[in-house]
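> 3D model of this:
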Amino acid sequence: MRKNFTLAVGICALALGWSAAANADYFNRYTNGSWTNAEFNNGACQYYYSFNAQSGETHVNRYGNCSQVAIGPDGRPVPVVPTARVVVPGRATAQLVVPQR
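Next up, the predicted model:
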């Protein structure tokens, strides 16, 4: 039961972080012909994302420290989730990776 509760809290925190980053005031997406463009600037990280729907061509330009922000498939910013280390006494260290959506 405790494991399920911890997992639920973690998923909720991830969802809140993603929605806060994706709906922030410093994110803008617009369309110009077949190009979909996205701009993100939070002061530390700035990027420009462009996608052409006809040719499938994608361009990304990053400036600053963007190590805490991942770019989603539609250009939306997604916070980077740190991985947790699981240490079991008497066994080798395993790494738990939480999949991102």
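> use CA for all of it now, contacts and neighbours both
OK.
> So for Phe51, what's the nearest residue that isn't a sequence neighbour?
In this structure, Phe51 finds its nearest non-sequential neighbour in Thr58, 4.5 Å apart by CA to CA, 6 or more residues apart in numbering.
> Verify the contact between that neighbour and Tyr48 for me.
No. Counting by CA atoms under 8 Å, Thr58 stays clear of Tyr48, with 10.6 Å between them.
> So which of those two has more stuff around it?
Set side by side, Thr58 and Tyr48 show unequal neighbour counts under other CA atoms under 10 Å, the larger going to Tyr48 at 18 against 13.
> ranges for the strands of this protein?
27-32, 35-41, 45-52, 58-64, 69-71, 77-79, 84-86, 94-96 (DSSP state E).
> what number of residues lie near Ala53?
Using other CA under 10 Å, Ala53 has 12 other residues around it.
> Determine the number of other residues adjacent to Asn52.
Residues lying near Asn52 (other CA under 10 Å) number 16.
> Same question for Arg76.
The number of residues packed around Arg76, counting by other CA under 10 Å, is 22.
> again, but for Gln68
A count of neighbours around Gln68, defined by other CA under 10 Å, yields 13.
> again, but for Val86
By the measure other CA under 10 Å, the count of residues near Val86 is 11.
> cool, and His59?
Residue neighbour count, defined by other CA under 10 Å, stands at 10 for His59.
> In the sheet, which residues pair with it? Tell me.
Taking DSSP bridges, one obtains Ser50 as the residues bridged to His59.
> Who are the contact partners of it?
Taking CA atoms under 8 Å, 6 or more residues apart in numbering, we find His59 in contact with 48-51.
> coming back round to it: any idea how far the residue nearest to Phe51 lies from Asp74?
10 Å (CA to CA, to the nearest Å).
> and what of Asn37?
Taking CA to CA as the measure, Asn37 falls 9 Å from Asp74.
> How about Gln68: what's its closest non-neighbour residue?
Going by CA to CA, 6+ apart, Gln68 has Val80 as its nearest residue, at 5.2 Å.
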